[in-house]
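A.B. asks: Kindly return the folded structure for what I paste below:
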Amino acid sequence: MKRSFLLTLCAFCLASTGCNRVEQPAAAFRAGTEREQGLIVIPAGSPQLAQIRVEPVVMGKFNLEEVVAPGKVEANPNRIARVLAPIAGRVRQVWVTLGDAVTEGQPLLSIESPEASALLAMHAQLQAELTQARSALKKASADLSRLRDLYEHRAVALKEVLEAENEETQAQAAVAQATARIEECVARLALLGLEPGQRDREVVVRAPISGKVMEIAVVPGEFRNDSGANLMTIADLRSVWIAADVPESSIRLVQRGEPIQCELAAYPGEVFHGRVMRIADAVDPGTRTVKVLAEIPNPTGRLKPEMFGRIRHSHGTQSAPAVRSSAILQRQGRNVVLREEAPGTFREVTVKTGPSEGGFTAVYEGLKEGDRVVVDGAVLLRTH
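C.D. replies: Numbering: from 1, shown residues only. The predicted model follows:
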């Protein structure tokens, strides 16, 4: 009987051991299924819940076929004037400094020139010649009138009258020639800012446009005899250009006259608006980009040449569910978010994302408006 009891006890133990071996794989299967579903559960009252921020999915507007390219502010080439020496001579005074704001017609510098003195002396000489020519014309006209009167009374021959008429014609031509030479001299003096008869022989060079003095390449006492050399550069910065290098593959999206947006490193968060003025005719072989120039109004002068930034240009907008960009996580080459199923319960969801703008990212698949997703603290959930 004792032996029978021992056999019964061994059979019971074997049966119990077999049952345990069957139940363990079932439990492991259930745990694996929960991980595959991407569920993450945090117990109520856990301090980690206070560090997790959840926000709803909202509808946002995003640009279609957007072009983003780096750019640099440049002075508007249509509003740049280079001041040249109108005449050879010695620079007497320079009245402006680098960075000064000048108005059109404002004196910039003066040049003492022997050529200016020669022109003023020539004008005085031509005036004397004109006076002499007019006197000769007056005498020739009087002689002709007298001879015609005598010819009517048969007191002189017709030959003398014809000779007097020829002398009057020559005198008229001399007056006309002297007048033309004086007008030419006066025009040359006017180009130099001089007036006939003035005693001051200095030529004053004035600003051709209003703007800022961007460059000065002359000092008092310097002699300049090259009329093609640049003395100063003045730029009107009330409007500037931004030059951007647009990738070759995106240049089809940019057309002349289209609006663009500009963001500058100097003014983060601000957007400046302009318009495309010119698109280069060739592709840069080194960078495979095309130069695009856009004009931006600059009434307050905040935009300064050489500032760096970028341009944006798009063809319309589209609406799509949007989440904060911080909610997008990378999982084995996939974009995922953690969607809140219930308080403390989150599910990992694979999403198809679109463009980002203003800190939000478009989500084309995987979420709908109103879903709640983790936007901050998702790193705390990766360990669960």
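
A.B. asks: Spatially central residue in this structure, please.
C.D. replies: residue 242 (1.8 Å; CA atoms, centre = their mean).

A.B. asks: Report the beta-bridge partners for it.
C.D. replies: residue 73, residue 294 (DSSP bridges).

A.B. asks: what residues are up against it?
C.D. replies: 71-74, 262, 274, 293-294, 296, 309, 311 (CB atoms under 8 Å, 6 or more residues apart in numbering). Glycine gets a C-beta too; all of them are placed from N, C-alpha and C.

A.B. asks: any low-confidence regions in the stretch 251-384 of the chain?
C.D. replies: Scanning the stretch 251-384 of the chain for pLDDT under 70 picks out 316-317, 382-384.

A.B. asks: residue ranges of the helices in it, please?
C.D. replies: In the stretch 251-384 of the chain, no helices are found when defined by DSSP state H, counting those that start in this stretch.

A.B. asks: Need the phi and psi values for residue 332.
C.D. replies: Phi and psi for residue 332, reported as degrees, to the nearest 10, are phi 50, psi 50.

A.B. asks: Begin at 244, not 1, for the rest of this chat.
C.D. replies: All right, first residue 244 from here; so that's residue 575.

A.B. asks: Near it, how many residues? Count them for me, please.
C.D. replies: Number of residues near residue 575 (other CB atoms under 10 Å) recorded here: 5.

A.B. asks: Residue 454 touches residue 476, doesn't it?
C.D. replies: No - using CB atoms under 8 Å, residue 454 is not in contact with residue 476, being 9.4 Å away.

A.B. asks: Return every residue with contacts to both of those two.
C.D. replies: Common neighbours of residue 454 and residue 476, using CB under 8 Å, 6+ apart, are residue 324.

A.B. asks: So for the two, which sits in the more crowded spot?
C.D. replies: Taking neighbours as other CB under 10 Å, residue 454 and residue 476 compare with residue 454 leading, 23 against 17.

A.B. asks: I'd like to know which elements the longest helix along the chain is packed against.
C.D. replies: Looking across the chain with DSSP state H, the single longest helix is helix 357-395. With contacts taken as 3 or more CB pairs under 8 Å, 6 or more residues apart in numbering; DSSP states H and E, helix 357-395 sits against strand 332-337, helix 401-434.

A.B. asks: Just say which of those is most tucked in.
C.D. replies: Among those, strand 332-337 has the highest mean neighbour count (mean count of other CB atoms under 10 Å), at a mean of 17.
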